[in-house]
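# return atomic coordinates for the entry below.
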Amino acid sequence: MALDAVFRDQWGRVLAILAGILGDIELAEDAAAEAFAIAAERWPREGEPANPTGWLVTTARNRAIDQLRRQRVLAAKTALLAKVLAEAGAIGSVLEFGANVGLNLVALRGLLPGAEFTAVEINHKAAEELRSFGWLKTHEESVFAFQQRESADLVLTSGLLIHIHPEKLGEVYRTLHAASRRYICVIEYYNPTPVEVVYRGEKEKLFKRDFAGELLDAYPDLRLCGYGFQYHRDPNFPMDDVSWFLMEKR
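Below you'll find the predicted structure:
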């Protein structure tokens, strides 16, 4: 059956099933439209599935679940970053190293609508998504390759330093410090003493330590402005157990 025929015959059924699953007609409509768009791109190349309606419902449901998960993560990040900004002065520009798909920057844009944003991200797929936003500058490279082409009022890392081998942390610290005009914020796993954690069965891939303390010791012109903890059992904004530290250049 041609896709246009599936759309005519099955749109109402797919939408009804999704609305019953999701309990939100607007979300169901968005998810169904996205599923049909994916089908239009894939089916001519891969062939029509044996059960087109089932395929569309499953694809749409998975997309809706991803969207809801993204919204929950974005809400938690917004809550955390609002606490960070409460300890800071005026910020007109933000640079994030290891921006991934940009949820921190999306949250910060909602909190700082007039600011300029820059992302440094080595993963090509993530960098492509960052470019699709249209409102931030993206450098597709690692923190080690980053040259001091620009600086920002706030330099941010989140879940980046924990994956840097301890022998290379000094180089990353220098980059963060040089790129910051005023503030450095690190959102990472904390441990008072350095410890290595087996990550997905591999060694030397994840490290916990006092990243902020090491930055403060290495750069006397930094002072601690604020710090906090986000708990995975928070009733409103659950998040992985991370600590945040905001430092200011004096």
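# quick one: contacts of stretch 79-90?
Outside of stretch 79-90, the residues within contact range by C-beta atoms under 8 Å, 6 or more residues apart in numbering are 91, 104, 107-108, 111-112, 153-154, 182-183, 185, 187, 225-226, 228, 230, 236-237, 239, 242, 244, 246, 248. No exception for glycine: its C-beta is placed from N, CA and C like everyone else's.
# can you pull the buried residues of that stretch?
Under the neighbour-count criterion of 16 or more other C-beta atoms under 10 Å, stretch 79-90 has 80, 81, 84, 85, 87, 88 buried.
# mind listing which of the residues you listed are in strands?
With DSSP state E as the criterion, strands contain none of the buried residues of stretch 79-90.
# on that earlier part again, in strands only, show me the contacts of stretch 79-90.
Among the contacts of stretch 79-90, the ones falling in strands (DSSP E) are 153-154, 182-183, 185, 187, 225-226, 228, 230, 242, 244, 246, 248.
# buried subset of the residues you listed?
Neighbour-count burial (16+ other C-beta under 10 Å) applied to these gives 153-154, 182-183, 185, 187, 225-226, 230, 242, 244, 246, 248.
# hey, where'd the strands end up in the chain?
93-97, 116-120, 136-139, 152-158, 180-188, 195-199, 202-208, 222-230, 242-249.
# out of these, which is closest to residue 68?
Closest to residue 68 of the strands of the chain is strand 222-230 (C-beta to C-beta; 19.7 Å).
# the worst-scoring helix or strand of the chain on mean pLDDT packs against which elements?
Among the helical and strand segments of the chain, the one scoring lowest on mean pLDDT, DSSP states H and E is helix 3-22, with a mean of 82. Using 3 or more C-beta pairs under 8 Å, 6 or more residues apart in numbering; DSSP states H and E as the contact definition, the elements that helix 3-22 packs against are helix 25-46, helix 52-86.
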